[in-house]
Structures are given as structure tokens and as C-alpha cells.
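# Pasting the sequence and the predicted coordinates here, then a few questions.
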Amino acid sequence: MKLFGKIGISILLLFITFSCEEEIIQSIPVEQEFPFEISAADYSDSHFFLDTIYRHIFEDYHQTYPPNITSEMMANSINEIDVWISTTNMVELSLIYATAYINLPSKDSPSSLYDTTYDTLINPTQGKSEVGFFRKLVLNQDFIIHDMEGYISLRTKVNDDQAIAVAYSTNDKKYFGEFAGIDTAPHPSYTLKLIKPKYLNSSLKPAFDLMLKNIYKLDSSFSTLQAKDFDLEIMFRTQNRIKDTLFLGEHLLRIIGFDYHSDTAGYIPDNTFDFLPMFTIDKKYAEIIFPTLRPFDKGIKKYFKQKNPSVTVPDSLLFSAPYDSMQSIARRSPMNRFFIKWRIQNH
């Protein structure tokens, strides 16, 4: 018995494809309204934690707005910092010779020196230590410090073959590294804490985990962003290559943590981006700041686990490559299906 002709088969296949996809993604085709776009693999590589302890502090800080400041946050807040960049240009002024270590213990006094075993490094270990000449960076010109969250944002070009190291103190009077101006005699070099080694790659742990991969530069051609002119959406590309704002029936802005407030109704989602300066967005540098460190895998799972534990998010829909692989690999991944799209009035 002949049930279907060619047209009938085509319609049936179309219906099956749409129905299966609909179980996972519900379509809201607003792509054309948001002309600017980057993928989830296009994070900025200019932001670094001073220590891995700040990874969970960052996420705790970004759980609510305004942030709920805990005693742990206060104790580990950055009080003072020097930031150094390695250089081979011996013509530069005010250079220091230093050894830098990813795993550097704290000191009890700003004037005390590390044991001489720390400054006799001859053969550094890739990803764990560096040795050479360093130039000091200028606060609020070359870098910005986020004292409560424990990371710096670099505002100067850093080459792959350059290292970044720091000396800093916390509110609970712990000191890491040796500050500029300290009398290091008879030691031959300064001792610093390494936060970005030369030739950083995903195999270098914990160094790779010090680089934040949840902050995105939107477009350097725009001037300071204003809330009244700006809107943003997170979209997911379905199997039929449509970019939609819903994921497992939920608005992606809410899943990601960008929609917990309303301009008029307080803590009620309104399906628009929460424009919160220096919390979700750095309007001066046109960067958006995700509240979790792995927003496109663990962040999504965490949302559904808290909202509806019965919902299982298939790994096939998540995007882990930015956090576990080099950015170039993440960009080529077939799982690179999340996009950040935005619009600015009069652009």
C-alpha cells in the first residue's frame, strides 16, 4: 500500500525535524533586530585572576546584585598591587630583574624577603615560573584592578611571549611578592607572583585557569555605552541553523544570569539585559561580564539544577571548549553554537 508520495515524504521529514528540535529549543526569531555579533568562543584574553582562590569568590560576588559582601571577600580584597610585564628591551627605564612563580606563598610583612632559593632560578618551568627583566605597568592606564573580585584587566598590549607578574597585599595582611622599592640586597632579584606565563596554553594548569574566559569585548569603535541606547541578547543556533533566544524553553538571558531585574518592578525578569555598570558591563571599555566563569556549560547546568532538577541538559547542547581548550580550537568547534548579539541605537 502506497502511503506517501515524494511531496508527502518531504512534508513528513520536515515535521519530524521541526518537532524534535522544538523539544529542545523554542524559536523566537529576533536575530535581525541585533546586527552586531560575536560567538561564545570570542572572549577577551586580557583579564587575569591573581590567584585561584578568587575563582569562587568571583562567582559568589556575582550571585546577587547588589553583591552580598562576605567576610571571605573582605579578607581577600586587594589592598595594594604592583603589576609587571616581562621585556627584552633593555633600553626601557626602571627595569627590575625578577623570578616569578605561579605557586608563591604569602609573607607576613611587606618588607620581609623571600628565601634566597626563590631568586636563584636558572631554568624556569613552563607555566610555573619565569625569570628575566620586567617593566612596571601603570595603574588605571595599563591595567585596572578589581579589588573585591581579585582580578586585573590589562589595557595594554601583551604579546604571547611576555609574562605578567604581580606583588600584592590583601586586607587580612597577607603579602605576595616583593613590592617595588623594597631593599632586596643582598638578593640578586625580586620575587613576584606569576599570573600569566609566556606562551600560555590550556595544558598549563593552574595558569590557564587564572585567565577569565567570561568577559567579552563588544566593539572598540563604540564610545562609552549608555543603558538607554544598548540592548543585548544571547542566542543559540539550532540544528536548522536558526538562532533563537530560548533554550529548553527558557530565555537564555535569564539562564546566563543577565535578566534578574526590571527597571520598574525590581527583582522581576523583564526579558531585557540588566545593564549594571562594572557588574554585568564595563561601559567605558564596551565589555560584558558574565556572572559565572563557565557560562556556556556549568553555568547553564547550574541554572536548570536550581530551577528544575528534573530537567537534564544534554552535553551535546553545551559548549565547554572555551574553558578547556585554546581559543583557536574553541572557535572551530562544532559546539560553538552560542552567540552574543547586541544593538546600539543610531548605529
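Now that the structure is in, tell me what you want to look at. Residues are numbered from 1 along each chain as shown.

# Okay, helices next: where are they in the stretch 1-150 of the chain?
6-24, 53-61, 71-76 (DSSP state H, counting those that start in this stretch).

# Least reliable of those by average pLDDT, please.
The weakest mean pLDDT among the helices of the stretch 1-150 of the chain belongs to helix 6-24, with a mean of 36.

# Distance of T52 relative to H62?
According to C-beta to C-beta, to the nearest Å, T52 stands 17 Å off from H62. C-beta coordinates here come from the backbone N, C-alpha and C atoms, glycine included.

# Which one of the two is surrounded by more residues?
Taking neighbours as other C-beta atoms under 10 Å, T52 and H62 compare with H62 leading, 20 against 15.

# Could you double-check that that one lies in contact with P291?
Yes - under the criterion of C-beta atoms under 8 Å, H62 makes contact with P291 at 3.6 Å.

# Quick check: neighbours shared by these two?
Listed as contacting both H62 and P291 by C-beta atoms under 8 Å, 6 or more residues apart in numbering are G257.

# does the closest residue to T116 other than its chain neighbours sit in a helix, a strand or a coil?
Distance criterion C-beta to C-beta, 6 or more residues apart in numbering; nearest residue to T116, sequence neighbours excluded, is H187 at 6.2 Å. On the three-state scheme (DSSP: H, G, I helix; E, B strand; the rest coil), H187 is labelled coil.

# if I look at N214, how far off is L232?
The value you get for N214 to L232, if C-beta to C-beta is used, is 15 Å.

# Sorry, wrong one. I was asking about T116.
Taken as C-beta to C-beta, the span from T116 to L232 is 52 Å.

# Looking at the two, which one has more neighbours?
Taking T116 and L232 together and counting by other C-beta under 10 Å, L232 has the greater number of neighbours (22 against 12).

# List of residues touching the helix or strand that one falls within?
According to DSSP states H and E, L232 maps onto strand 230-237. The contact list for strand 230-237, computed with C-beta under 8 Å, 6+ apart, reads 25, 30-31, 34, 243-245, 247, 252-253, 255-256, 258, 272-273, 275, 288, 317, 337-345.

# Now the buried members of the residues you listed.
Buried members of those, scored by 16 or more other C-beta atoms under 10 Å, are 25, 31, 34, 243-245, 247, 252-253, 255-256, 258, 273, 275, 288, 317, 337-342, 344.

# Quick one: neighbours of N271, just the number.
Neighbour count for N271, taken as other C-beta under 10 Å: 12.

# Spit out the contact partners of it.
Contacts of N271 by C-beta under 8 Å, 6+ apart are 251, 253-254, 259.

# Also D45?
Taking C-beta under 8 Å, 6+ apart as the definition, contacts of D45 comprise 211, 327.

# Model confidence score at it, please.
98.

# can you offset everything so residue one is 36?
Sure, I'll start counting at 36 from here, so that last one is D80.

# So what does it have for phi and psi?
Backbone geometry at D80, expressed as degrees, to the nearest 10, gives phi -100, psi 30.

# Would you list the phi and psi of A262?
phi -60, psi -40.

# Next up, the contacts around the residue nearest to it when sequence neighbours are not counted.
Excluding the flanking residues, the one nearest A262 by C-beta to C-beta, 6+ apart is F310, at 4.0 Å. Under the criterion of C-beta under 8 Å, 6+ apart, the contact list for F310 reads 262, 265, 316, 318.

# Tell me how far the residue nearest to the last one when sequence neighbours are not counted lies from Q197.
Read it as K318. The shortest distance from K318 to any non-neighbouring residue, by C-beta to C-beta, 6+ apart, is to L260 (4.1 Å). L260 sits at a distance of 30 Å from Q197 (criterion: C-beta to C-beta).

# who's more crowded, these two?
L260 (23 against 19).

# which residues does that one contact?
Contacts of L260 (C-beta under 8 Å, 6+ apart): 253, 316, 318, 321, 379.

# Including distance to N111, could the residues you listed go into CSV?
Output for the contacts of L260, formatted as CSV (distance: C-beta to C-beta, whole Å):
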residue, distance to N111
L253, 30
I316, 24
K318, 27
A321, 29
I379, 36
